[in-house]
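*Asks:* what's the 3D shape of this:
(chains A and B)
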Number of protein chains: 2
Amino acid sequence: MQNIFINSGKETEVLFDADFVLTDDNLFRIYGPMLPKGTVVMKSGEDNKNLRTVDFIVSQMLAKGVKRSGKVVAFGGGVVGDTLGFAASVYMRGVKWSFVPTSLLAMADSSIGGKTGVNVGFVKNAVGSFSMPDTYIETKYLRTLPSREYQSGMGEIVKTSLLNQDMYDFMQGEFDETEAIKRCVKIKSEIVNKDFMDSGARKALNMGHTVGHAIEMLTGLSHGQSVLIGLRLEMLMMRDYIEHDFFYEAQQYLSSYIKHRVSLRAEDVMRIASSDKKNGDGISVMYASRIGEVKEAVITQDEFLRLFKGAL
Amino acid sequence: MQNIFINSGKETEVLFDADFVLTDDNLFRIYGPMLPKGTVVMKSGEDNKNLRTVDFIVSQMLAKGVKRSGKVVAFGGGVVGDTLGFAASVYMRGVKWSFVPTSLLAMADSSIGGKTGVNVGFVKNAVGSFSMPDTYIETKYLRTLPSREYQSGMGEIVKTSLLNQDMYDFMQGEFDETEAIKRCVKIKSEIVNKDFMDSGARKALNMGHTVGHAIEMLTGLSHGQSVLIGLRLEMLMMRDYIEHDFFYEAQQYLSSYIKHRVSLRAEDVMRIASSDKKNGDGISVMYASRIGEVKEAVITQDEFLRLFKGAL
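*Replies:* Numbering: from 1, shown residues only, chains lettered A, B, ... in the order given. Below you'll find the predicted structure:
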């Protein structure tokens, strides 16, 4: 079980009690004065989520004399969490780490479940580990989050709502940020506890991601927005297997959160989907046939092209 | 339990059945013609056991389309095994790997127990993981091993013999290489099975390593030779706590395998020992009080200096 605290106010203590804190340059510009002395700063952005940065972080941890029993903390969004988490999970074969997420995406999704990773070449999370942080969510940090990033977080929240009728109903009312995060944390934790090593139930969380990852790489849209568009397209691909009323309702629901139009070539999307680590010999598409009922279709490249072209 | 095969003749099948094989340039010069097409070659030597090489290996694995269910193999000594093993353990959050060790050190020690790792800066195995390979030991590969490397392997074999009376008695007779490897594999496996994550019993394997690592870094002697000298010095440091007869017998026994004289400054050794990841607040020295009975002394830096100076 992962330790997750929401608006507990404990994060300052955790940060100041740490042997090592990592953040990025954007956050340091805003929060530098409130972070402990000696906080290490990485360059922000997905491009810096790589093994060079891991080498840099580990060198800094060594220079600060962090021991195997040391305490290390990530203060930031998904990139800071993924990179510090991976570095911590391999530093001296593994030290404990904590995560103070500052983005909506990290609060509702990536700080939960203990997947870490960095990119190699153009392949996202080509290396990584399973390593559970203690997570301290404080929604006050959302006040400085750029709107592009906020919308990105909404993407994963909307995805999660397709996994659970209560959450879906809740999302039809007035939006309550803290409550939405709490519900996402609970739903994702339950799935992760069933399947930490990602060999079964956890696959449901990949809804929208096969096409979404490709969109993210091809268009540079944010992760969450890409997942939303991916969700919508994957449902169109699988519409014959989806409950009739739910299909139309969900298409409208997803569209209301999609802020961008994209133009895609089926062949480009297929090529990226084929190289995704989630996929073995066939391409895996996860879809909800109705709320809370997620199914997997494993299809050939030709089948993917045919269905994707039909969805466009 | 780790799968370990000794002179089973299965290693060719394993190599040709693999999706990815790594070796080093020295071995490739000798064994290139018998290795599968597409075998990837890293530069030999401890200097190349780093995250840059991991990045290179992972890029090659991606280029070859290795899946999460893929089979990867290390063909080489400790450096190839440690590096490939680490890369495999994080590639797509972990793929299975096999190890065909070609050095005596790797056969008797480093291919057993599933510790992987690479260096960061000057710190050995600053990052790493616990990831058990299937190991295929074939002693025929020792015929091409340089004598410096052979002597290095002998160091870990001699260390292991201090853990077990039968093995110690066996070592007093005529040396049988294959039998010595078999016994080391058995003794180390039993310890690792009790303590895979290195939090207790496994510490016994660190005998000689606190001082040995420092010697290796300061002198450039081989790992095994450094461990032998480290063993001898650590016993001298702890002589008040060691059974009288065993102490004298072991000093002679160790000396008969030591091929080098070294000149050391206590302060240099202490500084490196203090930064060792095995050590928390104090410096840990593991020593046999008699055969098969390993104890730990955790001492301050000052105490270390005093005892070490007394041992020189």
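*Asks:* residues in contact with the residue positioned nearest the centre of chain A?
*Replies:* Taking Cα atoms, centre = their mean, the centroid of chain A lies closest to A:Ser110, which sits 4.0 Å from it. For A:Ser110, the contacting residues are A:Gly77, A:Gly78, A:Gly81, A:Asp82, A:Pro101, by Cβ atoms under 8 Å, 6 or more residues apart in numbering or on different chains. Yep, even glycine has a C-beta here, placed from its N, CA and C like the rest.
*Asks:* Can you get me a residue count around the third one?
*Replies:* When you say that, I think you mean A:Gly81. Look at A:Gly81: counted by other Cβ atoms under 10 Å in any protein chain shown, it has 28 neighbours.
*Asks:* And it, how far from chain B?
*Replies:* A:Gly81 sits 15 Å away from chain B, taking Cβ to the nearest Cβ, to the nearest Å as the criterion.
*Asks:* Tell me which other helices or strands the helix or strand harbouring that residue touches.
*Replies:* Element membership of A:Gly81, judged by DSSP states H and E, is helix A:78-90. Packed against helix A:78-90, as judged by 3 or more Cβ pairs under 8 Å, 6 or more residues apart in numbering or on different chains; DSSP states H and E, are the following elements: strand A:20-24, helix A:51-63, strand A:72-76, strand A:97-101, strand A:115-120, strand A:123-130, helix B:78-90, strand B:123-130.
*Asks:* Just send the ones you listed back as CSV, with mean pLDDT and distance to A:Ile258 too.
*Replies:* Putting the helices and strands packed on helix A:78-90 into CSV (pLDDT from 0 to 100; distance: least, Cβ to Cβ, whole Å) gives the following:
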stretch, mean pLDDT, distance to A:Ile258
strand A:20-24, 98, 27
helix A:51-63, 97, 32
strand A:72-76, 98, 26
strand A:97-101, 98, 24
strand A:115-120, 97, 25
strand A:123-130, 95, 21
helix B:78-90, 98, 34
strand B:123-130, 95, 40
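*Asks:* right, so of those, which gets closest to A:Gly153?
*Replies:* Nearest to A:Gly153 among the helices and strands packed on helix A:78-90 is strand A:97-101; the distance by Cβ to Cβ comes to 9.9 Å.
*Asks:* now the helix holding A:Gly81: how far from the chain's centre is it?
*Replies:* Helix A:78-90 sits 13 Å away from the centroid of its parent chain (Cα atoms, centre = their mean, to the nearest Å).
*Asks:* State the distance from A:Glu190 to A:Thr160.
*Replies:* A:Glu190 sits 11 Å away from A:Thr160, taking Cβ to Cβ, to the nearest Å as the criterion.
*Asks:* what about the two, which has more around it?
*Replies:* A count of neighbours by other Cβ under 10 Å puts A:Thr160 above the other of A:Glu190 and A:Thr160, at 25 against 12.
*Asks:* For that one, identify the helix or strand it belongs to.
*Replies:* A:Thr160 belongs to helix A:147-161, assigned by DSSP H and E.
*Asks:* How about the residues of the stretch 1-150 of chain A by chain B?
*Replies:* Within the stretch 1-150 of chain A, the positions adjacent to chain B are A:50-52, A:54-55, A:58-59, A:62, A:65, A:67-69, A:86-87, A:89-94, A:115, A:117, A:120-121, A:123, A:125-130 by Cβ under 8 Å from any Cβ of the partner chain.
*Asks:* ok, for A:Ile30, nearest residue in space, not its chain neighbours?
*Replies:* A:Thr144 (5.3 Å; Cβ to Cβ, 6 or more residues apart in numbering or on different chains).
*Asks:* So for that neighbour, what's the pLDDT?
*Replies:* For A:Thr144, the pLDDT comes out at 97.
*Asks:* is it true that it touches A:Asn26?
*Replies:* No. Using Cβ atoms under 8 Å as the test, A:Thr144 is too far from A:Asn26 to be in contact (9.3 Å).
*Asks:* Tell me which of those two has more neighbours.
*Replies:* When A:Thr144 and A:Asn26 are compared for neighbours, A:Asn26 comes out ahead with 18 against 13, by other Cβ under 10 Å.
*Asks:* Could you list the low-pLDDT ranges of the stretch 151-300 of chain A?
*Replies:* A:277-280 (pLDDT under 70).
*Asks:* Let's see that with 90 instead.
*Replies:* For the stretch 151-300 of chain A, the stretches with pLDDT under 90 are A:195-201, A:274-281.
*Asks:* nearest to chain B, of the contacts of A:Ser110?
*Replies:* Lowest distance from chain B to these (Cβ to the nearest Cβ) belongs to A:Asp82, with 11.7 Å.
*Asks:* residues in contact with that closest one?
*Replies:* A:Asp82 makes contact with A:Lys49, A:Ser110, A:Lys115, A:Thr116, A:Gly117, A:Val118, A:Asn125, A:Gly128, according to Cβ under 8 Å, 6+ apart.
*Asks:* Over to A:Val227?
*Replies:* A:Gly155, A:Glu156, A:Lys159, A:Gly208, A:His209, A:Gly212.
*Asks:* So it lies in a strand, does it not?
*Replies:* No. Counting by DSSP: H, G, I helix; E, B strand; the rest coil, A:Val227 is not found in a strand; it is helix.
*Asks:* show me what contacts the closest residue to it other than its chain neighbours?
*Replies:* Leaving out its chain neighbours, the residue that sits closest to A:Val227 by Cβ to Cβ, 6+ apart is A:Gly212, at 3.9 Å. Residues counted as contacts of A:Gly212 (Cβ under 8 Å, 6+ apart) are A:His223, A:Ser226, A:Val227, A:Leu228, A:Ile229, A:Gly230, A:Leu231.
*Asks:* now that we have these, which one has the most neighbours?
*Replies:* Counting neighbours by other Cβ under 10 Å, A:Leu228 leads the contacts of A:Gly212 with 30 neighbours.
*Asks:* got the contact list for the residue lying closest to that one once chain neighbours are set aside?
*Replies:* Spatial nearest neighbour of A:Leu228, chain neighbours left out: A:Gly155 (4.4 Å); criterion: Cβ to Cβ, 6+ apart. Going by Cβ under 8 Å, 6+ apart, A:Gly155 touches A:Leu105, A:Ser222, A:His223, A:Gly224, A:Gln225, A:Ser226, A:Val227, A:Leu228, A:Tyr257.
*Asks:* check contacts around A:Gly282.
*Replies:* So A:Gly282 contacts A:Val298, A:Ile299, A:Thr300 (Cβ under 8 Å, 6+ apart).
*Asks:* Quick one, which of the residues you listed are buried?
*Replies:* A:Ile299 (16 or more other Cβ atoms under 10 Å in any protein chain shown).
*Asks:* Let me know the closest of the contacts of A:Gly282 to chain B.
*Replies:* Looking across the contacts of A:Gly282 and measuring by Cβ to the nearest Cβ, the closest to chain B is A:Val298, at 13.3 Å.
*Asks:* Quickly list what that closest one is bridged to.
*Replies:* Note on A:Val298: beta-bridge partners A:Ser284, judged by DSSP bridges.
*Asks:* My guess is it contacts A:Ser284. True?
*Replies:* Yes. Counting by Cβ under 8 Å, A:Val298 does reach A:Ser284; the two are 5.4 Å apart.
*Asks:* Report the inter-axis angle for the helix holding A:Gly81 versus strand A:20-24.
*Replies:* Computed by axes from the mean of the first three to the mean of the last three Cα atoms, to 10 degrees, the angle separating helix A:78-90 from strand A:20-24 equals 150 degrees.
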